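Asker: next one to model:
(one chain, ligands or ions: 1)
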Amino acid sequence: MTAPYLKPLPQISEENRPFWDGLSAREFRGPRCRSCGQFGWVPYPACRNCFSTDIEWVPLSGRGVIYSYSIVHRGPAAFAGDVPYVVVMVELDEQPQPMIVLGQLDDCPLDQVRVGLPVSVTFHDIPGEDVTLYRFSPSAPVGSTGGG
Ligand SMILES: [Zn+2]
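Answerer: Residues are numbered from 1 along each chain as shown. Okay, here's the model as predicted:
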(Lines give C-alpha, C1' and ligand atoms only; values in the text may rest on other atoms or scores of the structure.)
Protein backbone atom coordinates (compact mmCIF):
# COMPACT_ATOMS: atom_id res chain seq x y z
CA MET A 1 0.00 0.00 0.00
CA THR A 2 1.28 3.43 -0.94
CA ALA A 3 1.61 6.08 1.74
CA PRO A 4 -0.84 8.93 1.16
CA TYR A 5 0.52 11.95 -0.69
CA LEU A 6 0.30 14.86 1.76
CA LYS A 7 1.64 17.75 -0.34
CA PRO A 8 -0.65 20.16 -2.17
CA LEU A 9 -2.13 18.96 -5.45
CA PRO A 10 -3.19 21.19 -8.35
CA GLN A 11 -6.76 22.40 -8.65
CA ILE A 12 -7.52 21.30 -12.18
CA SER A 13 -10.09 23.37 -14.05
CA GLU A 14 -11.29 23.47 -17.65
CA GLU A 15 -8.97 26.45 -18.19
CA ASN A 16 -5.79 24.72 -17.04
CA ARG A 17 -6.64 21.09 -17.89
CA PRO A 18 -4.58 21.08 -21.13
CA PHE A 19 -1.48 21.84 -19.07
CA TRP A 20 -2.04 18.96 -16.63
CA ASP A 21 -3.07 16.56 -19.40
CA GLY A 22 0.16 17.53 -21.13
CA LEU A 23 2.24 16.61 -18.10
CA SER A 24 0.57 13.20 -17.98
CA ALA A 25 1.57 12.77 -21.63
CA ARG A 26 5.17 13.89 -20.82
CA GLU A 27 4.63 17.19 -22.61
CA PHE A 28 5.21 20.62 -21.05
CA ARG A 29 2.59 22.87 -22.66
CA GLY A 30 2.03 26.59 -22.70
CA PRO A 31 -0.68 28.87 -24.05
CA ARG A 32 0.04 30.63 -27.35
CA CYS A 33 -2.04 33.18 -29.21
CA ARG A 34 -3.12 31.99 -32.67
CA SER A 35 -3.48 35.59 -33.85
CA CYS A 36 -0.05 37.02 -33.03
CA GLY A 37 1.97 33.98 -31.93
CA GLN A 38 2.88 35.31 -28.48
CA PHE A 39 3.13 32.95 -25.54
CA GLY A 40 1.35 33.93 -22.38
CA TRP A 41 2.18 32.50 -18.99
CA VAL A 42 0.21 32.29 -16.76
CA PRO A 43 -2.86 31.22 -18.72
CA TYR A 44 -5.33 34.06 -19.24
CA PRO A 45 -8.59 34.25 -21.21
CA ALA A 46 -7.12 36.68 -23.76
CA CYS A 47 -3.72 37.40 -25.29
CA ARG A 48 -1.90 40.09 -23.32
CA ASN A 49 -0.34 41.35 -26.55
CA CYS A 50 -3.28 41.65 -28.98
CA PHE A 51 -6.32 40.80 -26.79
CA SER A 52 -7.36 37.92 -29.04
CA THR A 53 -9.22 35.12 -27.28
CA ASP A 54 -7.99 32.60 -29.86
CA ILE A 55 -5.53 30.80 -27.59
CA GLU A 56 -4.09 27.32 -28.12
CA TRP A 57 -1.97 25.07 -25.92
CA VAL A 58 1.26 24.04 -27.62
CA PRO A 59 4.18 21.83 -26.57
CA LEU A 60 7.12 23.80 -25.20
CA SER A 61 10.76 22.80 -25.04
CA GLY A 62 10.66 22.48 -21.26
CA ARG A 63 14.05 24.18 -21.19
CA GLY A 64 15.10 27.50 -19.74
CA VAL A 65 17.42 29.23 -17.32
CA ILE A 66 17.07 30.09 -13.66
CA TYR A 67 15.76 33.65 -13.41
CA SER A 68 15.72 33.70 -9.61
CA TYR A 69 15.70 31.18 -6.78
CA SER A 70 15.29 30.69 -3.05
CA ILE A 71 16.75 27.96 -0.86
CA VAL A 72 14.13 26.83 1.63
CA HIS A 73 15.44 25.72 5.01
CA ARG A 74 12.13 25.70 6.90
CA GLY A 75 9.21 24.65 4.73
CA PRO A 76 5.54 23.92 5.35
CA ALA A 77 4.85 20.72 7.35
CA ALA A 78 4.39 18.44 4.34
CA PHE A 79 7.79 19.54 3.03
CA ALA A 80 9.66 19.29 6.33
CA GLY A 81 11.42 16.11 5.20
CA ASP A 82 12.66 17.78 2.01
CA VAL A 83 14.63 20.70 3.47
CA PRO A 84 16.81 22.22 2.32
CA TYR A 85 15.23 22.45 -1.15
CA VAL A 86 15.37 25.00 -3.93
CA VAL A 87 12.39 26.91 -5.36
CA VAL A 88 13.21 28.42 -8.75
CA MET A 89 11.70 30.88 -11.17
CA VAL A 90 12.67 29.64 -14.63
CA GLU A 91 12.63 31.79 -17.76
CA LEU A 92 11.65 29.37 -20.50
CA ASP A 93 13.51 29.33 -23.82
CA GLU A 94 10.41 30.28 -25.79
CA GLN A 95 10.59 33.92 -26.89
CA PRO A 96 10.13 36.79 -27.53
CA GLN A 97 7.58 37.15 -24.71
CA PRO A 98 9.35 35.84 -21.58
CA MET A 99 7.52 33.13 -19.66
CA ILE A 100 8.70 32.74 -16.09
CA VAL A 101 7.51 29.55 -14.41
CA LEU A 102 7.74 28.66 -10.73
CA GLY A 103 9.01 25.23 -9.78
CA GLN A 104 11.28 23.16 -7.61
CA LEU A 105 14.86 22.30 -8.55
CA ASP A 106 16.21 18.77 -8.14
CA ASP A 107 19.61 17.17 -8.69
CA CYS A 108 21.66 20.28 -7.99
CA PRO A 109 24.05 20.80 -5.06
CA LEU A 110 23.05 23.97 -3.22
CA ASP A 111 26.42 25.59 -3.89
CA GLN A 112 25.89 25.15 -7.64
CA VAL A 113 22.52 26.87 -7.86
CA ARG A 114 22.87 30.19 -9.70
CA VAL A 115 20.93 32.62 -11.82
CA GLY A 116 21.38 31.70 -15.48
CA LEU A 117 21.87 27.97 -14.88
CA PRO A 118 20.28 26.01 -17.76
CA VAL A 119 17.52 23.70 -16.53
CA SER A 120 14.98 21.27 -18.02
CA VAL A 121 11.57 20.04 -16.95
CA THR A 122 11.18 16.58 -15.46
CA PHE A 123 7.88 14.74 -14.98
CA HIS A 124 6.69 13.08 -11.77
CA ASP A 125 3.64 10.84 -11.52
CA ILE A 126 2.15 11.03 -8.03
CA PRO A 127 1.46 7.53 -6.65
CA GLY A 128 -2.17 7.03 -5.74
CA GLU A 129 -3.22 10.28 -7.43
CA ASP A 130 -4.28 10.74 -11.03
CA VAL A 131 -1.91 13.63 -11.61
CA THR A 132 1.59 14.29 -12.92
CA LEU A 133 3.65 17.18 -11.55
CA TYR A 134 6.75 18.83 -12.98
CA ARG A 135 10.05 19.88 -11.50
CA PHE A 136 13.28 21.23 -12.90
CA SER A 137 16.77 19.72 -13.02
CA PRO A 138 20.03 21.11 -14.40
CA SER A 139 20.22 20.46 -18.16
CA ALA A 140 23.76 19.17 -17.71
CA PRO A 141 25.09 17.38 -14.63
CA VAL A 142 26.63 19.71 -12.07
CA GLY A 143 29.03 18.67 -9.35
CA SER A 144 29.59 20.13 -5.96
CA THR A 145 32.71 22.22 -5.51
CA GLY A 146 32.83 21.10 -1.93
CA GLY A 147 32.44 24.68 -0.80
CA GLY A 148 29.46 26.04 0.95
ZN1 LIG B 1 -2.04 37.78 -29.52
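
Asker: CA only for contacts and neighbour counts going forward, please
Answerer: Noted.

Asker: what is the burial count for residue 138?
Answerer: 22 (other CA atoms under 10 Å).

Asker: name the nearest residue to it, ignoring sequence neighbours.
Answerer: residue 119 (4.2 Å; CA to CA, 6 or more residues apart in numbering).

Asker: do the same with residue 142
Answerer: residue 108 (6.5 Å).

Asker: and the one you found, what's its pLDDT?
Answerer: pLDDT, residue 108: 96.

Asker: right, and it touches residue 140 too?
Answerer: No. Contact criterion CA atoms under 8 Å: residue 108 and residue 140 do not qualify, at 10.0 Å.

Asker: returning to what we had before: right, and the residue nearest to residue 138 touches residue 141 too?
Answerer: No. Taking contacts as CA under 8 Å, residue 119 lies outside contact range of residue 141: 10.0 Å.

Asker: can you pull the contacts of the residue nearest the centre of the chain?
Answerer: The geometric centre of the chain, computed from its C-alpha atoms, lies nearest to residue 103 (CA atoms, centre = their mean), at 4.3 Å. Contacts here follow CA atoms under 8 Å, 6 or more residues apart in numbering; on that basis residue 103 touches 87, 88, 89, 90, 134, 135, 136.

Asker: what does it show for phi and psi?
Answerer: phi -170, psi -180 (degrees, to the nearest 10).

Asker: any idea how far it is from residue 52?
Answerer: 28 Å (CA to CA, to the nearest Å).

Asker: now residue 76
Answerer: Computed as CA to CA, the residue 76 to residue 52 distance reads 39 Å.

Asker: more neighbours, these two?
Answerer: Counted by other CA under 10 Å, residue 76 and residue 52 do not tie: residue 52 has more neighbours, with 14 against 11.

Asker: okay, residue 119 and residue 141: which has more neighbours?
Answerer: Between residue 119 and residue 141, counted using other CA under 10 Å, the more crowded position is residue 119 (22 against 8).

Asker: give me the sheet partners of the helix or strand the more buried one falls within and which way each runs.
Answerer: Following DSSP states H and E, one finds residue 119 within strand 118-125. Paired neighbours of strand 118-125 in the sheet (DSSP bridges): strand 63-72 (antiparallel), strand 132-138 (antiparallel).
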